[in-house]
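Q: Quick one, structure for this:
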Amino acid sequence: MHNHLREQVRQQAEGRDAQPTAALVDSQSLRGAQTVARSSRGYDAGKKINGRKRHIAVDTCGLLLAVLITGAGVQDRDGARPLLWALHACFPGIRVVWADSGYTGKLVTWATEQLKLTLQIVAKLAGQTTFVVLHRRWAVERTFSWINRSRRTVRDYERLPQHHAAMVQWAMIIIMTRRLARHQHT
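A: Here you go, the predicted model:
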């Protein structure tokens, strides 16, 4: 259902092809509630969060393509390998993926050699100290804010990581159905 809705939104509301050719990846750490098992949580020392991390891939419209839930201690580039693998398996037409500087290193070479994907790193501007909207990066950040509008996705309450991934998809289904409904009334 999620994939069918995404294709409809891309075609009807955005005027694009049903299948994307480019994607953006990023991750977000979430605090875990008491119900989150110790075996599936971790500690993100950079953000001082004990819980899980959701890694997402979105198209250039900000629509969810893939989601992976790991412990919060997993580095972005380590979580990106299975995410990019799933993205490549489900969307073989994607050729370019944009990411922030947390994905630099051997991952860029691995994506090129193993998946035939061009992983482009969008770095901060020279001398940047405050928030600045970066080209190609804002769409994935906007998707995180969309996902966080849903009560069940602000914090991780789920016992299993797969259940939280389902809640993320459910939040996106709500967003896409509302977009389609607004588009049909105009």
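
Q: Break down the chain into its helices, ranges please.
A: Assigned by DSSP state H, the chain shows helices spanning 2-8, 76-90, 106-115, 138-148, 151-154, 161-185.

Q: Can I get the ones you listed in TSV including distance to I49?
A: Glycine gets a C-beta too; all of them are placed from N, C-alpha and C. Output for the helices of the chain, formatted as TSV (distance: least, Cβ to Cβ, whole Å):
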stretch	distance to I49
helix 2-8	27
helix 76-90	14
helix 106-115	23
helix 138-148	14
helix 151-154	13
helix 161-185	14
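
Q: In CSV: these, plus mean neighbour count, distance to L65 and mean pLDDT.
A: Converted to CSV, these look like this (neighbours: other Cβ atoms under 10 Å; distance: least, Cβ to Cβ, whole Å; pLDDT from 0 to 100):
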stretch, mean neighbour count, distance to L65, mean pLDDT
helix 2-8, 16, 8, 92
helix 76-90, 18, 6, 95
helix 106-115, 15, 14, 94
helix 138-148, 18, 10, 92
helix 151-154, 15, 17, 89
helix 161-185, 16, 10, 91
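
Q: Out of those helices, the one nearest R31 is which?
A: helix 151-154 (9.0 Å; Cβ to Cβ).
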